[in-house]
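Q: I need the structure of the sequence given here:
(3 chains)
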Amino acid sequence: MDRQRVATCISLLEEQYGIPYPDERNPVDLLVMTILSQNTSDTNSLRAFAHLKSAFCDYEETLAAPVEAVADSIRPGGLAEIKARRIKEALSRIKQDAGAISLSFLADMEKDEAMAYLLSLPGVGPKTASVVLLFAFSMPFLPVDTHVYRVSRRLGLLSEDVRPEKAQPILERIVPVEKYHSLHLNLITHGRLICRTRGPKHEECALRNCCGYYLQGQKP
DNA sequence: TGCCAGGCCGGGT
DNA sequence: ACCCGGCATGGC
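A: The predicted structure follows:
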């Protein structure tokens, strides 16, 4: 797939939506928040994260608490039992491996080593690990979620036969590293509204307007 | 009202 | 490798 098409999509998105800058967050917060966001709407996951933070004064306390208490604190997010267990197990592993509930040691690792470590944590898959490594450590990973996958295919950045688990390395190859933040955030922030395969109102909005000629099948 | 949400895991073929 | 069900609350 040609880089020109990618570059055009990125700059059209930036023109329309601006260049997003992620707010700085501590890596453990980011990890926990991303676990809470898995297959969950942002309103629900943000609410769950706020509840969790107010229920415990720090992660040591979260770790010491019974799973049911953690689950109760994140109930509004959905999938509470599973996520509570995963969060506690992840915190426990981190403390055991790092001697404290901190992920700052990842900064000293090679990117692939850091990725392998995060993937070894329960409840952490490629998407979650990539979010942490990109946004907390500026490592060159491009998180691929349902929106990024779906919209990338609709824009022709990925061919139709590419399966979700194959999408990330392909996108990482054709997207310039310095645009990972920008593309990811614009696609997930606005991606739910654009280029949906069904739902007529979605076809009328943003990205269709700004990248409309791609969707009409014209090759630039 | 039903469908979906910024996945991941464990089990099957 | 690939496919699939389960998880579960709130919003539109």
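
Q: surely A:Ala65 touches A:Phe56?
A: Yes. The pair A:Ala65 and A:Phe56 qualifies as a contact (C-beta atoms under 8 Å) at a distance of 6.5 Å. For every residue, glycine as well, the C-beta is placed using N, CA and C.

Q: OK, contacts around A:Asp108?
A: Contact criterion C-beta atoms under 8 Å, 6 or more residues apart in numbering gives no residues in contact with A:Asp108.

Q: separation between it and DNA strand B?
A: In this structure, A:Asp108 and DNA strand B are separated by 23 Å, where distance is defined by C-beta to the nearest atom of the strand, to the nearest Å.

Q: before we move on, what about A:Val131?
A: Separation of A:Val131 from DNA strand B (C-beta to the nearest atom of the strand): 4 Å.

Q: spell out which residues of chain A are next to DNA strand B.
A: A:34, A:37-42, A:44, A:78-79, A:82, A:122-129, A:131, A:143, A:145-147, A:184, A:188, A:192 (C-beta under 7 Å from any atom of the strand).

Q: how does chain A divide up, domain by domain?
A: The record assigns chain A these domain ranges, following automatic domain parsing: A:3-20+A:144-215, A:27-137.

Q: of the ones you listed, which is nearest DNA strand C?
A: When the domains of chain A are ranked by proximity to DNA strand C, the top entry is domain A:27-137, at 3.0 Å, counting by C-beta to the nearest atom of the strand.

Q: name the residue of chain A that lies nearest to DNA strand B.
A: For chain A, C-beta to the nearest atom of the strand, closest residue to DNA strand B: A:Gly125, 2.4 Å.

Q: which one is that residue nearest to, not counting chain neighbours?
A: Distances taken as C-beta to C-beta, 6 or more residues apart in numbering place A:Leu119 nearest to A:Gly125, at 7.1 Å, with adjacent residues excluded.

Q: the domains of chain A: lowest mean pLDDT?
A: The stretch with the lowest average pLDDT out of the domains of chain A is domain A:3-20+A:144-215, scoring a mean of 78.

Q: how about it and DNA strand C, any contact?
A: Yes. With C-beta under 7 Å from any atom of the strand as the criterion, DNA strand C is reached by domain A:3-20+A:144-215 at A:Arg163, A:Glu165, A:Lys166.

Q: contact partners for the second one?
A: The contact partners of A:Glu165, taken as C-beta under 8 Å, 6+ apart, are A:Pro126.

Q: next one: the strand or helix carrying it to chain centre, how far?
A: Taking DSSP states H and E as the definition, one finds A:Glu165 inside helix A:164-174. When distances are taken as C-alpha atoms, centre = their mean, to the nearest Å, helix A:164-174 is centred 14 Å away from the chain's centroid.

Q: next secondary structure after that helix?
A: Read in the C-terminal direction, the helix or strand following helix A:164-174 is helix A:180-190, with elements assigned using DSSP H and E.

Q: center of chain A - which residue?
A: Averaging the C-alpha coordinates of chain A gives a centre point, and the residue nearest to it by C-alpha atoms, centre = their mean is A:Val131 (4.7 Å).

Q: what sits against the residue nearest to A:Gly125?
A: Taking C-beta under 8 Å, 6+ apart as the test, what A:Leu119 contacts is A:Gly125, A:Pro126, A:Ala129.

Q: what sits against the residue lying closest to the second one once chain neighbours are set aside?
A: Right, the one you point to is A:Pro126. Nearest non-adjacent residue to A:Pro126, counting by C-beta to C-beta, 6+ apart: A:Gln168, 6.3 Å away. By C-beta under 8 Å, 6+ apart, the residues touching A:Gln168 are A:Pro126, A:Ser130, A:Phe141, A:Leu142, A:Pro143, A:Val144.
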